[in-house]
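Engineer: Structure for the following, please:
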Amino acid sequence: MSDAEGNPVPGSGDAALRAAAQRAATTRERNLPQWEDLPVPNDTANLRDGASLNDALLPLLPLIGVWRGEGEVVYPTIDGAHFGQQITFAHDGRPFVFYESRAWLLDADGKAIRPAAREVGWWRPRPDETIEVLLAHATGIVEIFYGEPRTQTSWELATDVTMRTSSAKDVTGAKRLYGLVNNGDLAYVEERAMVGQPLQPHTSAYLRRVAG
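Structural biologist: Predicted structure coming up:
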C-alpha cells in the first residue's frame, strides 16, 4: 500500500518488505565465528552461508539466525528485573537446530551489570510436525519440551519432563511461545511453575536479528 506520492504506508506489506530488506543489509553478511580447520561443517546461523538447511528444519527456518534484545523477569518469589539477551538458532546441515541463550542484567539506564541466565540445547522437528526441545540450564535444570508450530512464524512448547540437580531451584514445569512480530523481529513469553508456585508468567523478551 502506498500514499499519494507512492511511498509505502507504515504498517503496510510494502513497508514490511522494505524494513526487512533494510535489516538484511546489515545482518546478511554476519554469522557465527567459523573454524577454517574444522574437519566437519561449522554451525551456521546464516541461511546464505555454510551447510544447506536440512529439509526437516523447514518448519524452523524463520528462526535461524542470531537475535539480540531486552526483556523482563517477573515472579511472586523474586524481584522483577530487566535483562539483555542474545539467542542463537544454528545448524550444521543435519535435522536439528542448535540453540543457545545468554542473558545479562541491565540497570535502570539499560547498561549491563553482570552476566545472568544461560541455557543451551537442541530443537528437533519430527515427521509428525511436533518439535522436541532439549534444554540444559547453567542453574542445574534440564528440561524436555514438546510443541508444534502454531503458524509459519510462531511456535508453542510445553515441558514433558523437568529434572534438576540437588543444588538447583525447584522447577516443575514451563511453557514458551515464540513468534515473529513487527516486520520480522522475534518475541517470546515464558510461563514457569517453581518453588511451590503454579504455572504463571515469568519472562518475556523482544529481540531483533543481528546475524543471518
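Engineer: Quick check: which element contains the residue sitting nearest the centre point of the chain?
Structural biologist: Nearest to the mean C-alpha position of the chain, by Cα atoms, centre = their mean, lies Ile87 at 5.0 Å. Assignment of secondary structure by DSSP states H and E places Ile87 within strand 81-90.
Engineer: Please name the strands paired to that strand in the sheet, noting orientation.
Structural biologist: With DSSP bridges as the test, strand 81-90 is paired with strand 65-73 (antiparallel), strand 97-106 (antiparallel).
Engineer: what is the rounded mean pLDDT of it?
Structural biologist: Confidence over strand 81-90 (mean pLDDT, whole number) is 98.
Engineer: Give me the residues contacting it.
Structural biologist: By Cβ atoms under 8 Å, 6 or more residues apart in numbering, the residues outside strand 81-90 that reach it are 32, 43-45, 60, 63-73, 97-106, 108, 110, 112, 116-117, 123, 186, 205, 207, 210. For every residue, glycine as well, the C-beta is placed using N, CA and C.
Engineer: go on, stretch 116-135?
Structural biologist: Surrounding stretch 116-135, the residues in contact under the criterion Cβ under 8 Å, 6+ apart are 56-57, 59-60, 63, 81, 83, 89, 95-105, 136-139, 142-149, 155, 157.
Engineer: Narrow these to those that are buried.
Structural biologist: 57, 59-60, 63, 81, 83, 89, 96-105, 137, 142-143, 145, 147, 149, 155, 157 (16 or more other Cβ atoms under 10 Å).
Engineer: for the chain, what spans make up the strands?
Structural biologist: Per DSSP state E, the chain carries strands over the ranges 65-73, 81-90, 97-106, 112-125, 131-137, 141-151, 154-164, 171-181, 185-194, 200-211.
Engineer: Now render those as JSON lines, adding distance to Arg23.
Structural biologist: Conversion of those to JSON lines gives the following (distance: least, Cβ to Cβ, whole Å):
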{"stretch": "strand 65-73", "distance to Arg23": "10"}
{"stretch": "strand 81-90", "distance to Arg23": "16"}
{"stretch": "strand 97-106", "distance to Arg23": "21"}
{"stretch": "strand 112-125", "distance to Arg23": "23"}
{"stretch": "strand 131-137", "distance to Arg23": "26"}
{"stretch": "strand 141-151", "distance to Arg23": "21"}
{"stretch": "strand 154-164", "distance to Arg23": "19"}
{"stretch": "strand 171-181", "distance to Arg23": "12"}
{"stretch": "strand 185-194", "distance to Arg23": "9"}
{"stretch": "strand 200-211", "distance to Arg23": "6"}
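Engineer: what's Gly71 in contact with, if anything?
Structural biologist: For Gly71, the contacting residues are 82-85, 103, 203-206, taking Cβ under 8 Å, 6+ apart as the criterion.
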